[in-house]
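S.K.: Structure for the following, please:
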Amino acid sequence: MTRRNPVNRAQRRLARPPRERFATRTLSFDVDGETCRGTLYLPGGDGSDPPTVVMAPGLGAERSFGYPAIAERFADAGYAALLFDYRGFGASDGDEQVIHPASQRADYAAA
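M.R.: Residues are numbered from 1 along each chain as shown. Here you go, the predicted structure:
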C-alpha cells in the first residue's frame, strides 16, 4: 500500500522557484488613506496588454494561502492576474483581520 503525501499540489507548486514563463511585480494602491498590497502576475510573451483578472482571497484568508498557484495558472494561460490582500489582512495596512464587506468591495474597486 502506498502512502499518500499530505502536501497538496498547490503547496508543492508554491515551494518551487518561479518559472520563466511569467513575471511578477509587487505593487500597492491606496484605499481611503490605507494601503493594499499585492502581486501582479504577467504572462510571458510579446509584452502586449493582456486581459487582467483581479483576485483576492475569500473570507478571512490571505493571498499567500494557495492563491499564487491560481494566479500563476492565469499567467500561464496569457492573462495578467492581480492578487491582493484586503486591508487588515496579510501585507496590507491594518492588522484587525475583520471581515467588512463594504470595505472589501472598495478594495476591489480600487484594484
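
S.K.: and the helix or strand that contains residue 108, average pLDDT?
M.R.: Following DSSP states H and E, one finds residue 108 within helix 101-110. Mean pLDDT, helix 101-110: 92.

S.K.: which outside residues touch it?
M.R.: 29-32, 36, 54, 56, 84, 86-88 (CB atoms under 8 Å, 6 or more residues apart in numbering). The way it works is simple: take the backbone N, C-alpha and C, and place the C-beta from them, glycine included.

S.K.: ok, those residues vs residue 94, which is closest?
M.R.: Of all those, residue 88 has the smallest distance to residue 94: 3.9 Å, by CB to CB.

S.K.: What's the separation between the residue nearest to the closest one when sequence neighbours are not counted and residue 85?
M.R.: Nearest non-adjacent residue to residue 88, counting by CB to CB, 6 or more residues apart in numbering: residue 94, 3.9 Å away. Distance of residue 94 to residue 85, computed by CB to CB, to the nearest Å: 10 Å.

S.K.: Among those two, which residue is more densely surrounded?
M.R.: Using other CB atoms under 10 Å as the criterion, residue 94 and residue 85 rank with residue 85 on top: 23 against 15.

S.K.: Excluding residues flanking it in the chain, which one is nearest that one?
M.R.: Nearest to residue 85 is residue 92, by CB to CB, 6+ apart, at 4.3 Å.
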